[in-house]
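S.K.: Quick one, structure for this:
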Amino acid sequence: DAQEMADRENVKIFQADIIYHLFDRFTEYQEDLIKQKKEQFRSVAVFPCKLKIMPEHIYMSRDPIVVGVQVTGGVLRTGTPICVPSKEFIYIGVCTGIQHNSKDVDVAKKGDEVCVKIENPGGDAPKMFGRHFDETDLLISRISRESIDACKDYFRDELAKSDWALMVELKKLFEIL
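M.R.: The predicted structure is shown next:
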């Protein structure tokens with residue numbers, strides 16, 4: 001009777017003869033829920049990053065833009081939307097590839113020198129290195145209120161204190177309340 005009602009109301013009931021097994025099942029369930037939420041919000045979460053273009057490492061200037069950068073702050077991940085704050089926050093595209101020492105990686109941290117591939121997701125005309133921005137411009141991740149909330153709620157453990165400080169700095173830059 002109770003199981004039928006639980007099924008109707010979408011309530012999970014844990015059963016075990018030994019209390020330790022009950023506890024283990026509950027913690028497994030919690031971990032699974034967290035993993036599901038992380039996967040669900042992975043595309044929404046934008047991690048904060050600041051990138052300095054290395055002028056001697058410009059490989060393609062347009063669609064896709066392929067340049068060598070130094071991560072001067074935060075965490076760069078594939079899927080990060082990139083913009084140029086000094087040029088009225090012009091959106092140049094999404095980081096679709098990161099290479100470190102000719103090996104594909106998903107993440108680059110502060111201090112890393114990596115090659116990034118930035119692709120235009122469509123809609124706008126592709127931006128061009130040299131015309132819309134150049135090596136003197138800093139590149140940053142384009143964050144939003146939704147991306148900040150997703151990072152707070154589901155990826156708090158993946159960001160260091162310095163990353164949160166950069167998030168606050170970018171939040172002020174973008175005038176996000």
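S.K.: measure Q3 to D17 for me?
M.R.: The gap separating Q3 from D17 is 17 Å, by C-beta to C-beta, to the nearest Å. All C-beta spots, glycine's among them, are computed from the backbone N, C-alpha and C.
S.K.: oh, I was asking about V46
M.R.: Distance, V46 to D17, using C-beta to C-beta: 46 Å.
S.K.: ok, now R156?
M.R.: For R156 relative to D17 (C-beta to C-beta), the value is 36 Å.
S.K.: quick one: which of these two has more around it?
M.R.: In terms of neighbours (other C-beta atoms under 10 Å), R156 is the more surrounded of R156 and D17; the figures are 9 against 6.
S.K.: who's in contact with that one?
M.R.: Going by C-beta atoms under 8 Å, 6 or more residues apart in numbering, R156 touches no other residue.
S.K.: Give me the phi and psi for it.
M.R.: phi -50, psi -40 (degrees, to the nearest 10).
S.K.: Do I have it right that K127 meets S61?
M.R.: No: at 9.7 Å, K127 and S61 do not qualify as touching, with contact defined as C-beta atoms under 8 Å.
S.K.: Report the next helix or strand after the helix or strand bottoming out on mean pLDDT in the chain in sequence order.
M.R.: The weakest-scoring helix or strand in the chain, judged by mean pLDDT, DSSP states H and E, is helix 2-8 (a mean of 87). Remark: after helix 2-8, the chain's next helix or strand is helix 19-41, criterion DSSP states H and E.
S.K.: CA atoms only for that following helix, dumped as PDB, please.
M.R.: This file holds the C-alpha atoms of helix 19-41, laid out as PDB (Å, rounded to 0.1, in the frame of the first residue of the first chain):
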ATOM      1  CA  ILE A  19      21.300   0.300   8.800                       C
ATOM      2  CA  TYR A  20      24.700   0.600   7.200                       C
ATOM      3  CA  HIS A  21      23.300  -0.700   3.900                       C
ATOM      4  CA  LEU A  22      20.400   1.700   4.100                       C
ATOM      5  CA  PHE A  23      22.900   4.600   4.600                       C
ATOM      6  CA  ASP A  24      25.000   3.400   1.600                       C
ATOM      7  CA  ARG A  25      22.000   3.200  -0.700                       C
ATOM      8  CA  PHE A  26      20.900   6.700   0.300                       C
ATOM      9  CA  THR A  27      24.300   8.200  -0.300                       C
ATOM     10  CA  GLU A  28      24.600   6.400  -3.700                       C
ATOM     11  CA  TYR A  29      21.200   7.900  -4.600                       C
ATOM     12  CA  GLN A  30      22.300  11.400  -3.600                       C
ATOM     13  CA  GLU A  31      25.500  11.100  -5.600                       C
ATOM     14  CA  ASP A  32      23.500   9.900  -8.600                       C
ATOM     15  CA  LEU A  33      21.100  12.900  -8.300                       C
ATOM     16  CA  ILE A  34      24.100  15.300  -8.200                       C
ATOM     17  CA  LYS A  35      25.700  13.700 -11.300                       C
ATOM     18  CA  GLN A  36      22.400  14.000 -13.200                       C
ATOM     19  CA  LYS A  37      22.000  17.700 -12.300                       C
ATOM     20  CA  LYS A  38      25.700  18.300 -13.300                       C
ATOM     21  CA  GLU A  39      25.100  16.700 -16.700                       C
ATOM     22  CA  GLN A  40      21.800  18.600 -17.100                       C
ATOM     23  CA  PHE A  41      23.400  22.000 -16.300                       C
END
